[in-house]
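Colleague: Sequence first, then the predicted structure, then my questions.
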Amino acid sequence: MVKKRFPVKTYIEGIVSGDRVLLSQAITLVESTLKTDLNLAHQVVQGILPYTGNSLRLGISGIPGAGKSTLIGNLGKVILKAGKKLAVLTVDPSSKISGGSILGDKTRMEAIVGDARVYIRPSPTGNTLGGVSAKTREILLLCEAAGFDVVIIETVGVGQSEVAVKEMVDAFLLLLITGAGDELQGIKKGIMEMADFFLINKADGKNAEKAVQTKSDLEKVLHYFPAPENGWQPTVLTCSSLSHEGLQEIWESILEYEQTVKNNGFFERNRSLQQISWLETHIRFLLEREFYSHPEMASALEKGKSEVLEGKDSAIGMARRLVDLFFSRIGF
């Protein structure tokens, strides 16, 4: 049963006033696949645009086991202490069998869960390329309109999703653990070049000395990377979610980064480029959705797959035929 929907004005006024219930309901609209919801969501997002753009957008990723969610929880306490309101969008892997999402991040962010100044929203990735929800951008804007000063997007892991997140945020943080000399082999150079901060987590106890060595090794590697366009030298920091050491330094370094890129003009230039990227990405998303949801295309696609497997047509040739069929059916 479809839940009750409110007028556009109700959502906008509620979000701008900080109503968590209406914010959550608006996000549900954005994530919905119902056309009526999508039309309503579009109007809501358009209506809150004048209230967006005032937050600091951070992307955090890292290798499995690096402790992203726990770090976000403890770093979140530092952000709250600085008088900021925090929204965390966790992009979760979705089950291809059930379609459900793994929502364990809240339990790992216990340091900030329940605080009235914090909003945590798991967002299932579905079948979106790269593992990032196609709706994350709109959710980010809704959170900004609701008055959150800092929005953190936590990604699934190290892979294609990081490229998508980089195009949404102002600063990108890559989380590592000690012994990164070996682990860096599994991280693509392109992803390392995207990072503004490298955070070596779990730098406590017996790992403390190793963390210092890992920091030194990583700084040597970064020395050979080309100078970043944003004018900021990628910074390597050690930290511990267990002892909370280094967390204040991370936040202060992020603020220094923000001031640097605002002063040299990169901040605004980057956001302008992101707007174009969002436009192009969403066009692709909408076209793909319309293709696969068209009633005639499902059967045509299945028939096409059979013909390709039987050698009656090539995969590329069949793709062209199906796209042509789609365009003809929508009167293009």
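Modeller: Good, I have the coordinates. Please read all numbers here as calculations on a predicted model, not as lab measurements. Numbers count the residues shown, from 1 in each chain.
Colleague: For the lengthiest helix in the chain, name the packing helices and strands.
Modeller: Determined from DSSP state H, the single longest helix within the chain is helix 266-293. Secondary-structure packing of helix 266-293 (3 or more CB pairs under 8 Å, 6 or more residues apart in numbering; DSSP states H and E): helix 247-263, helix 295-309. Quick note: C-beta positions are derived from backbone N, CA and C, even for glycine.
Colleague: Try it again at 10 Å.
Modeller: Here helix 266-293 touches helix 35-48, strand 56-62, helix 136-145, helix 161-166, helix 247-263, helix 295-309, helix 315-329, going by 3 or more CB pairs under 10 Å, 6 or more residues apart in numbering; DSSP states H and E.
Colleague: Nearest to P226, out of those?
Modeller: P226 sits nearest to helix 161-166 of all the helices and strands packed on helix 266-293, at 16.0 Å, using CB to CB.
Colleague: looking at the helices and strands packed on helix 266-293, which one has the lowest mean pLDDT?
Modeller: Comparing mean pLDDT across the helices and strands packed on helix 266-293, the weakest is helix 161-166, with a mean of 81.
Colleague: Indicate each strand paired with the helix or strand following it and its parallel or antiparallel sense.
Modeller: Using DSSP states H and E, the helix or strand that follows helix 161-166 in sequence is strand 171-177. Applying DSSP bridges, strand 171-177 is found paired with strand 56-62 (parallel), strand 197-201 (parallel).
Colleague: relative to helix 266-293, how tilted is strand 171-177?
Modeller: Interaxial angle, strand 171-177 versus helix 266-293 (axes from the mean of the first three to the mean of the last three CA atoms, to 10 degrees): 80 degrees.
Colleague: Output strand 171-177 as PDB, nothing but the C-alphas.
Modeller: Extracted in PDB, the C-alpha atoms of strand 171-177 (Å, rounded to 0.1, in the frame of the first residue of the first chain):
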ATOM      1  CA  ALA A 171      37.100  16.600  -0.400                       C
ATOM      2  CA  PHE A 172      37.900  12.900  -0.800                       C
ATOM      3  CA  LEU A 173      39.300  10.900   2.100                       C
ATOM      4  CA  LEU A 174      40.900   7.400   1.600                       C
ATOM      5  CA  LEU A 175      41.100   5.200   4.700                       C
ATOM      6  CA  LEU A 176      44.000   2.700   5.000                       C
ATOM      7  CA  ILE A 177      45.500   0.600   7.700                       C
END
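Colleague: angle of that strand against helix 247-263?
Modeller: Using the same axes, to 10 degrees: strand 171-177 against helix 247-263 is 150 degrees.
Colleague: tell me the mean pLDDT over strand 171-177?
Modeller: Averaged over strand 171-177, pLDDT sits at 92.
Colleague: Wait, I63 touches E162, no?
Modeller: No - using CB atoms under 10 Å, I63 is not in contact with E162; the gap is 11.4 Å.
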